[in-house]
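Engineer: model the following, please.
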Amino acid sequence: MKKKGHKRANALPKAPRVHRVSFLLNDDEFNAVCNHFSKYKISNKSRWYRETIFSQVLKTLEEDYPTLFNESEMRG
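Structural biologist: Residues are numbered from 1 along each chain as shown. Alright, predicted model coming up:
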């Protein structure tokens, strides 16, 4: 019998996580995040933070990827 829920292609990281990152939130930010976790039934908060941060990092890397021509030359 298969479990319902979020599928993970590779549940284990390729390398162990050894670098700790921490940051502080004010009361309003913390309450907003806690409400989000509760509303969407997020139990693995660490994974959520990693996925949320890295989605932004990867998006930015994709947008900043060097190209042979600039955008105006490609549209011209």
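Engineer: helices along the protein, start to end?
Structural biologist: With helices called from DSSP state H, the chain shows them at 27-39, 45-63, 71-75.
Engineer: show me where pLDDT drops low in the chain?
Structural biologist: Along the chain, the parts satisfying pLDDT under 70 run over 1-13, 76.
Engineer: can you tell which of the helices of the chain is closest to Arg20?
Structural biologist: The closest of those to Arg20 is helix 45-63. By CB to CB, the value is 10.9 Å. (Glycine included, C-beta is placed from N, CA and C.)
Engineer: now that closest one, how far from the centre of its chain.
Structural biologist: 3 Å (CA atoms, centre = their mean, to the nearest Å).
Engineer: so which of the helices of the chain is nearest His19?
Structural biologist: Across these, His19 has its closest neighbour in helix 45-63 (11.6 Å, CB to CB).
Engineer: closest to Ala15 out of the helices of the chain?
Structural biologist: Using CB to CB, the helices of the chain put helix 45-63 closest to Ala15, at 13.4 Å.
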